[in-house]
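*Asks:* My questions concern the predicted model and sequence given below.
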Amino acid sequence: MSASIPVEKARKLTRKEKREIDSKNRLASPVASLMAVVIAVFWTIPTAGLLITSFRPSSDVRRTGWWTVFVDPGFTLKNYADVLTTSNVTNSFFNSIIITIPAVVIPILLALLAAYAFAWIDFKGRTFLFAFVFALQVVPIQVTLIPLLTQYVSWGLANTYWTVWLSHTIFALPLAIYLLHNFMKEIPRSLIEAARVDGAGHVRIFFQVMMPLLVPAIASFAIFQFLWVWNDLLVALTFSAPEYMPITAVLAALSGSYGSRWYLLAAGAFVAMVVPLIVFLSLQRYFVRGMLAGGVKG
Amino acid sequence: MTWFLKPETLPEKFAVMLLAVLLFAMIMGLVLAVVDRPRLPRWVPVVGYLGPALLLIIFGLLWPGMLTIRNSFYNATSTDYIGLANYQQIFTDEGFLIVLRNTVFWVILVPLVATALGLIYAVLVDRTRVEKLAKTLIFLPMAISMVGASIIWKFMYEYRDPSLPQIGLLNQVVMWLGGQPQQWLLNPPLNTFMLIVVMIWIQAGFAMTVLSAAIKAIPDEIVEAAKVDGVTGMKLFVNITVPSVRPAIIVVLTTIAMGTLKAFDIVYTMTGGNFNTSIVANEFYTQSFNQGQRGLGAALAVLLFIAVTPMIIYNLRQMRISEGER
């Protein structure tokens, strides 16, 4: 939930102008640089340590700290081979994929339609309904879990993928509708009017006029939802059957049962992290844009 | 028919996934085709476009929310009305008071420290040559799951007997400094703060990104004018930068506070809420699913709801104000 902050201003400067401001602007005292480096190191080292550990032979991991690798190097891929074959990590990795894709696609489609109605169809009670949807963002998902689960059980749908998809879809809707509505509102009215004059109905306007303009907005929400679903633990623990658990839930369980077998836990953790890291690093631009437009879900 | 609900092999699972998406797309297409005929009354397309989403929201958010509020006044099996007894227990029982106290620590410390670090870092790397890389480093923890972050930090905190070489970096540093290794996650109240560090580590990137955008939006004239007057360094930061991004700071603080209230993954993965580390979000899970205490679980969820509501209202008002200014 953050105010959309105008970022454009900074972008309008040319490189040269920027560099000129740079030289005047910088806080570049040695103390400031040192502080920045300390923070950056503190933020990187924990991950680096586990990453290095995931590539060290298990005997080394048990015996010495990962930092000794710099004086006594030794690397192996065996931990990854082990974790992918001896446990249900591989299975849960695929479960994560199977859970995530529909849980991203379906809420976006639903939210696009609803956002279109809120943004471009005049009807009675529109303001009220929009406020209602917006207000429901407040509801922490904890409040909904037990009654939803009871409902699913009574329908005989509990412990299937279907309830997990449905739940993720429901929890995503208020934010998705709100965000996409905001983006749709910014499309100039004249474009829509022109299409209407040409005799286009809602469906044609929606697909031919709106969709192409909405691609960046959809992309930013899709990344959000993707990371949220992939990294989710609570919804999975509540609604998934043991054999359909995503990798986060399996890892959380391993972190208890594997206790001291850090070489496996480290490798498992990075198997889980690699997908969101790739998505995030390659699409960071959209992610940041979505975040600045108010897309944060808890 | 069973594979439809209970797929067993991997191809079956993927088939069900495709089916779900296709089925859904087909239903939506059908709805659109029906409501888009000319000369229908206006409410028909409105219902077609809004109906599915609204139905789901009512079914999955509004109705369960109301049931949970009701259940919070009922006993463990939701059969007998017991008034405010659940709430009374939460606010008087010693164990629950520790949970509440921990939650307060989390909700105060995480937003404040993460925002402060994010702001300082955003200013430090702003317009430097390595800005992009430097920001990505801080931001990365946001991309990984809280479960992943918990494992990363559990390894940092790993304890070995002092006679053995340490494998957790924190205890090794303590040893290098001449101290004794600690069981960071076992000893209250310190362990709660060790868990809070993890959440700060995750959230600082969010604060940094939003605040960095806000800093870049400060008009150059203002900064230039201040510099002409000889305001630089710390003074520039305190007197120009911070006041200029104040609305963004407040939005970041409240957003992180809300996220912190609802997050249960870190406690669940690192300590399971043992050793006096539980927080409301985790205790909700324990009571509802492990202890079978539905009434208490519902009451805890309602408390979360009550705690989050004023923040989102405040956040909204702040957004309106900052939009009005533009």
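*Replies:* Looks like it came in fine.
*Asks:* Residue ranges of each domain in chain B, please.
*Replies:* What automatic domain parsing lists as the domains of chain B is B:2-84, B:86-325.
*Asks:* May I see the buried residues of stretch A:150-169?
*Replies:* A:150-152, A:158-169 (16 or more other Cβ atoms under 10 Å in any protein chain shown). Quick note: C-beta positions are derived from backbone N, CA and C, even for glycine.
*Asks:* Let me fix that, I meant to ask about stretch B:126-141.
*Replies:* Across stretch B:126-141, burial judged by 16+ other Cβ under 10 Å covers B:126-128, B:134-135, B:137-141.
*Asks:* where does chain B have its least confident helix or strand?
*Replies:* For chain B, counting by mean pLDDT, DSSP states H and E, helix B:2-5 ranks last in confidence among helices and strands (a mean of 78).
*Asks:* what comes into contact with that helix?
*Replies:* Applying Cβ atoms under 8 Å, 6 or more residues apart in numbering or on different chains, the external contacts of helix B:2-5 come out as A:157, A:160, A:162, B:12, B:15-16, B:19.
*Asks:* export those to CSV and tack on pLDDT?
*Replies:* Below are the contacts of helix B:2-5 laid out as CSV (pLDDT from 0 to 100):
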residue, pLDDT
A:157, 89
A:160, 91
A:162, 93
B:12, 89
B:15, 91
B:16, 91
B:19, 92
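*Asks:* Just give me the closest of those to residue B:295.
*Replies:* Checking these against residue B:295 by Cβ to Cβ gives residue A:157 as the nearest, at 25.4 Å.
*Asks:* Could you tell me whether the closest one really is in a helix?
*Replies:* No - judged by DSSP: H, G, I helix; E, B strand; the rest coil, residue A:157 forms no part of a helix; its state is coil.
*Asks:* correct me, but it touches residue A:164?
*Replies:* No - checked against Cβ atoms under 8 Å, the pair residue A:157 and residue A:164 is beyond contact range at 10.2 Å.
*Asks:* and residue A:131, how far is that from residue B:316?
*Replies:* Counting by Cβ to Cβ, to the nearest Å, the gap from residue A:131 to residue B:316 is 10 Å.
*Asks:* In terms of neighbours, single out the busier of these two.
*Replies:* Using other Cβ atoms under 10 Å in any protein chain shown as the criterion, residue A:131 and residue B:316 rank with residue B:316 on top: 18 against 10.
*Asks:* Give the other helices and strands that the helix or strand that the more buried one is a member of contacts.
*Replies:* Assigned by DSSP states H and E, residue B:316 falls within helix B:294-325. In this structure, helix B:294-325 packs against helix A:142-155, helix B:63-71, helix B:85-92, helix B:246-262, helix B:280-285, with contacts taken as 3 or more Cβ pairs under 8 Å, 6 or more residues apart in numbering or on different chains; DSSP states H and E.
*Asks:* Out of the ones you listed, the one nearest residue A:286 is which?
*Replies:* With Cβ to Cβ as the measure, helix B:246-262 is the member of the helices and strands packed on helix B:294-325 nearest residue A:286 (19.1 Å).
*Asks:* Does residue 214 lie in a helix or a strand, and which?
*Replies:* Answering for chain A, as no chain was given. Residue-wise, residue A:214 maps onto helix A:211-231 under DSSP H and E.
*Asks:* try chain B instead
*Replies:* According to DSSP H and E, residue B:214 maps onto helix B:190-216.
*Asks:* Against which helices or strands is that helix packed?
*Replies:* So helix B:190-216, by 3+ Cβ pairs under 8 Å, 6+ apart, packs with helix A:30-54, helix A:284-292, helix B:94-125, helix B:131-139, helix B:146-156, helix B:246-262, helix B:265-270.
*Asks:* Tell me if the longest one is near chain A.
*Replies:* Yes - against chain A, helix B:94-125 shows contacts by Cβ under 8 Å from any Cβ of the partner chain at B:117, B:120-121, B:123-125.
*Asks:* tell me the average confidence for that helix?
*Replies:* Mean per-residue pLDDT for helix B:94-125: 95.
*Asks:* between it and helix B:85-92, how big is the angle?
*Replies:* Orientation check (axes from the mean of the first three to the mean of the last three Cα atoms, to 10 degrees): helix B:94-125 against helix B:85-92 gives 70 degrees.
*Asks:* angle of helix B:94-125 against helix B:246-262?
*Replies:* Going by the same axes, to 10 degrees, helix B:94-125 makes 140 degrees with helix B:246-262.
*Asks:* which helices and strands does helix B:94-125 pack with?
*Replies:* Looks like helix B:94-125 contacts helix A:30-54, helix B:85-92, helix B:131-139, helix B:190-216, helix B:246-262, helix B:280-285 (3+ Cβ pairs under 8 Å, 6+ apart).
*Asks:* That concludes my questions; thank you for your assistance.
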